[in-house]
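Participant: What follows is a predicted structure for the sequence shown.
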Amino acid sequence: MHLQSSRRTFLVRFGAGATASAFLPSFPAFAAPAGLGGVRFGYTAMTWGNEERQAIDDISAVGFPGIQFRGNAVTDFKPAELRDLLQQHKLTFVALSSGDLSLDAPAADQIAKHVANAQFVKNSGGLYLQILDQLKSHPRTATPDECKRLGNLLTELGKRTADIGIPLAYHNHLNTISESPANLDLILEAADPKYVKLELDTAHSVAGGGDPAKTIEKYHERLLFLHLKDVVDLPSTAAGKYPFQFVELGRGRVDLPAVFTALKKVHYRGWAIVELDRVPEKSRTPKECALISKTYLEQKIGTNI
């Protein structure tokens, strides 16, 4: 009962137009970068798990104009149904997380699957296809040859999705070949920039030892869209794949002000999707998490979502 009452209070305060500062940590002051009008913001449906229709309702209600889905949307929706539903909620279908590519599986079958997903995106009125890769075991250090092979495979897939009219974005990610910044460089060097763009995830970049602000400056011409994501460290365990927890924006160690300063510097014009894999605290709902991140962007970054 106490949690339900707290949740109702949280939503009433937002609905009444009050700020959510009481629910946010104390952020250090900084000068918000001006000139971010070219950035459009979306939110990922994955926080809601399989409740995608609820995600559509909540993301629209919070005020984000864009949405990203996981690959299960392909079987959960008919393209015309999803297109009409998103139009009713005034949401842009920014990207589909199409899954992964593996160097240890037949290329033809994988490419066929992701091309079919790209066609779903096209038929549903969506914009982009997101792809990542898969390591055979964890943890394992990828070789330069594997980076090159992955870049070539991504190029082949990117050519096929381009034929449909859907650009391909490669997603840097923990426990993949691109976990380290050096390997991400090798993959992008091997991949044709005409067909393989970058979808930069700020939290996965930091957790992998990278600097997302510097990566934005380095690859701004290939930056198709972003995942705005925050992360905190957790005690590492032998059984744990990730010694990290993903959290709402402003609650972790990603230097988001530096990210937005870099976006302004390179004159970025595109989508930035706020991503949160799951609710980090059981007392909150996915919608409340989205409100926290939106408030951070508006009050601390100075954005107008």
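Facilitator: Received, thanks. Residues are numbered from 1 along each chain as shown.
Participant: Can you list the buried residues in the longest strand along the chain?
Facilitator: The single longest strand within the chain, with elements called by DSSP state E, is strand 92-102. Across strand 92-102, burial judged by 16 or more other CB atoms under 10 Å covers 92-101. Any C-beta I mention is one placed from the backbone N, CA and C, and that applies to glycine too.
Participant: now those in JSON lines, with distance to Thr285 and pLDDT?
Facilitator: As requested, the buried residues of strand 92-102 are exported to JSON lines (distance: CB to CB, whole Å; pLDDT from 0 to 100):
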{"residue": "Thr92", "distance to Thr285": "23", "pLDDT": "98"}
{"residue": "Phe93", "distance to Thr285": "23", "pLDDT": "98"}
{"residue": "Val94", "distance to Thr285": "22", "pLDDT": "98"}
{"residue": "Ala95", "distance to Thr285": "24", "pLDDT": "98"}
{"residue": "Leu96", "distance to Thr285": "24", "pLDDT": "98"}
{"residue": "Ser97", "distance to Thr285": "22", "pLDDT": "98"}
{"residue": "Ser98", "distance to Thr285": "27", "pLDDT": "97"}
{"residue": "Gly99", "distance to Thr285": "27", "pLDDT": "94"}
{"residue": "Asp100", "distance to Thr285": "29", "pLDDT": "94"}
{"residue": "Leu101", "distance to Thr285": "34", "pLDDT": "95"}
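Participant: Now render these as CSV, adding distance to Thr176.
Facilitator: Listed next are these as CSV, based on distance: CB to CB, whole Å:
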residue, distance to Thr176
Thr92, 27
Phe93, 25
Val94, 21
Ala95, 17
Leu96, 18
Ser97, 13
Ser98, 14
Gly99, 12
Asp100, 8
Leu101, 10
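Participant: Nearest the geometric middle of the protein, what residue?
Facilitator: Central residue of the chain (CA atoms, centre = their mean): His227, 3.2 Å from the mean position.
Participant: Just confirm that residue contacts His171, I think it does.
Facilitator: Yes. Between His227 and His171 there is a contact at 7.5 Å, judged by CB atoms under 8 Å.
Participant: Please consider this matter closed, and thank you.
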